[in-house]
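Asker: sequence isn't available, so here's the structure alone:
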């Protein structure tokens, strides 16, 4: 059971803050064509070393041209011809970074690892090249693309990278708390991993759903914190911040989470503060950030206290309906990938189904099963960044959702 206490604090805005980024990395799937299939690491945050995973695009001045968007539009037809079969919604590569909604440009810049501060670290240049593990039929440096699409991709990546804001740490500003780099939110479900802050937070995530309410207004709803099965987390005064391209950070004008002082136990999950923030200072093409006054791993003094109350009520239904369907997830979540296991531990799916059920229950919504994270992230027709989407097969996903939903509904 998560424990929370809110202390009265004077709202304050960090003068300059470094933003947060974490996202699900691109994982493996059976791609036969396209330009950037998934990395084989599985469900995990992107590595914190060798550059960051921030994304770009857009400008504050609506009348000024967005050169990044223009360069993308110029290469979009060839990009779709080469990569669209796998990387559009429902594509067999499980990584729909070319989804049409809201626009293919927005989908591309918001997909983890595509646009980087160092353009040479982009997955387009580190993975979809000869000998780098790309399983598609064409690499960007193949004879068909090396003199056509590849130069366009490099020019676009360089333009997007030019809009990155200098990190606070580089500027010598000591006012910022622990944080990560800015990122472009996906319009829909987002999972922001905290591991790059330091190793204590490996596998922990903040999740939310982003929606544009109108020009200049971005709502983040259903904001939740997910520690790991071994470690909890203590957060004080998280601050969401808007990062317009090439401009100074613009924190939440009302500092909505200024009173939050919250501890969440290992193996639990909980809503962060009020669970919703409406950023009326949003700008088209901006990045989003999150900084903490304090964030620290938490281990209960009593080891038994680390096991939250409220395990599964319907273990029999879990064993009958859900457990067989989750076997496909154990390649990563049962230990094949350490970061995936930390994020959602399924290692006891066979040996102790009740314990595995309790872990998975933190990512479902019994009152409304279709809105469960385990469905949002794996839906082949959705744009959430997750390395497994049933190879684009909607029927396989439908069978998975139908059976698992029987268990979820029984947890009400």
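Answerer: The structure has been received and is ready for your questions. Predicted, not measured: the structure shown is a model, and the values here were computed from it.
Asker: do you know the pLDDT at residue 222?
Answerer: Predicted confidence (pLDDT) at residue 222: the value is 95.
Asker: cool, residue 383 as well?
Answerer: pLDDT, residue 383: 86.
Asker: give the contact list for the closest residue to it other than its chain neighbours.
Answerer: Nearest residue to residue 383, sequence neighbours excluded (Cβ to Cβ, 6 or more residues apart in numbering): residue 99, at 4.6 Å. Yep, even glycine has a C-beta here, placed from its N, CA and C like the rest. For residue 99, the contact set (Cβ atoms under 8 Å, 6 or more residues apart in numbering) comprises 88, 89, 107, 383.
Asker: okay if I get these as CSV plus neighbour count and secondary structure?
Answerer: Shown next, in CSV, are these (neighbours: other Cβ atoms under 10 Å; DSSP: H, G, I helix; E, B strand; the rest coil):
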residue, neighbour count, secondary structure
88, 19, coil
89, 17, coil
107, 23, helix
383, 23, coil
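Asker: I'd like the residues you listed as CSV, with distance to residue 301 appended.
Answerer: Listed next are these as CSV, based on distance: Cβ to Cβ, whole Å:
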residue, distance to residue 301
88, 51
89, 48
107, 46
383, 42
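Asker: tell me which two of those residues sit farthest apart.
Answerer: 88 and 383 (10.4 Å; Cβ to Cβ).
Asker: overlap in contacts, the two.
Answerer: With Cβ under 8 Å, 6+ apart, residue 88 and residue 383 have common neighbours 96, 99.
Asker: check which helix or strand the residue nearest to residue 383 maps to.
Answerer: Using DSSP states H and E, no element contains residue 99; it sits outside every helix and strand.
Asker: looks to me like residue 207 is in a strand.
Answerer: Yes - Residue 207 sits within a strand when classified using DSSP: H, G, I helix; E, B strand; the rest coil.
Asker: ok, the closest residue to residue 253 other than its chain neighbours - contacts?
Answerer: Nearest non-adjacent residue to residue 253, counting by Cβ to Cβ, 6+ apart: residue 281, 5.7 Å away. Shown in contact with residue 281 (Cβ under 8 Å, 6+ apart): 216, 242, 250, 252, 253.
Asker: so how far is residue 222 from residue 281?
Answerer: 21 Å (Cβ to Cβ, to the nearest Å).
Asker: for the stretch 101-250 of the chain, give me the ranges with low pLDDT.
Answerer: 164-176 (pLDDT under 70).
Asker: quick one: the strands in it?
Answerer: 189-193, 205-214, 217-226, 232-243, 250-251 (DSSP state E, counting those that start in this stretch).
Asker: helices and strands around the longest one, which ones?
Answerer: Using 3 or more Cβ pairs under 8 Å, 6 or more residues apart in numbering; DSSP states H and E as the contact criterion, the secondary-structure elements in contact with strand 232-243 are strand 217-226, strand 250-251, strand 260-264, strand 277-279, strand 287-298.
Asker: within the sheet, what are the partner strands of it, with directions?
Answerer: If you go by DSSP bridges, strand 232-243 pairs up with strand 250-251 (antiparallel), strand 260-264 (antiparallel), strand 287-298 (antiparallel).
Asker: out of those strands, which comes closest to residue 353?
Answerer: strand 260-264 (24.0 Å).
Asker: about what we covered before: how about the strands of the stretch 101-250 of the chain in TSV, adding distance to residue 392?
Answerer: What follows is the strands of the stretch 101-250 of the chain, written out as TSV (distance: least, Cβ to Cβ, whole Å):
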stretch	distance to residue 392
strand 189-193	18
strand 205-214	23
strand 217-226	26
strand 232-243	33
strand 250-251	38
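Asker: now the ones you listed as CSV including mean neighbour count and distance to residue 362?
Answerer: CSV is the format used below for the strands of the stretch 101-250 of the chain (neighbours: other Cβ atoms under 10 Å; distance: least, Cβ to Cβ, whole Å):
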stretch, mean neighbour count, distance to residue 362
strand 189-193, 25, 13
strand 205-214, 18, 11
strand 217-226, 19, 6
strand 232-243, 24, 12
strand 250-251, 20, 29
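Asker: just the residues contacting stretch 212-221, thanks.
Answerer: So stretch 212-221 is contacted by 102, 185, 187, 208-211, 240, 242, 275-284, 288 (Cβ under 8 Å, 6+ apart).
Asker: bridged to residue 190, which residues?
Answerer: With DSSP bridges as the rule, residue 190 is bridged to residue 208.
Asker: residues in contact with it?
Answerer: With Cβ under 8 Å, 6+ apart, residue 190 has these contacts: 23, 207, 208, 209, 210, 384, 385.
Asker: the fifth one reaches residue 188, doesn't it?
Answerer: Yes - contact between residue 210 and residue 188 holds when scored by Cβ atoms under 8 Å: they sit 6.8 Å apart.
Asker: per-residue pLDDT, residue 341?
Answerer: Note on residue 341: pLDDT of 87.
Asker: hang on, it packs against residue 333?
Answerer: Yes - when contacts are counted by Cβ under 8 Å, residue 341 is listed as touching residue 333 (5.7 Å).
Asker: now the common contact residues for these two.
Answerer: Jointly contacting residue 341 and residue 333 under the rule Cβ under 8 Å, 6+ apart are residue 347.
Asker: looking at those two, which is more packed in?
Answerer: residue 333 (25 against 22; other Cβ atoms under 10 Å).
Asker: residue contacts, the more buried one?
Answerer: 43, 340, 341, 343, 344, 345, 346, 347.
Asker: which of the residues you listed tops the neighbour count?
Answerer: Counting neighbours by other Cβ under 10 Å, residue 340 leads the contacts of residue 333 with 28 neighbours.
Asker: mind checking how far that one is from residue 104?
Answerer: For residue 340, the distance to residue 104 equals 28 Å [Cβ to Cβ].
Asker: equivalent analysis for residue 405, please.
Answerer: 31 Å.
Asker: ok, residue 139 touching residue 128?
Answerer: Yes - using Cβ under 8 Å, residue 139 is in contact with residue 128, at 5.6 Å.
Asker: ok, those two, which is more surrounded?
Answerer: The neighbour comparison of residue 139 against residue 128 (other Cβ under 10 Å) goes to residue 128, with 26 against 20.
Asker: just checking, that one touches residue 135?
Answerer: No - Residue 128 is not in contact with residue 135 according to Cβ under 8 Å; the separation is 10.0 Å.
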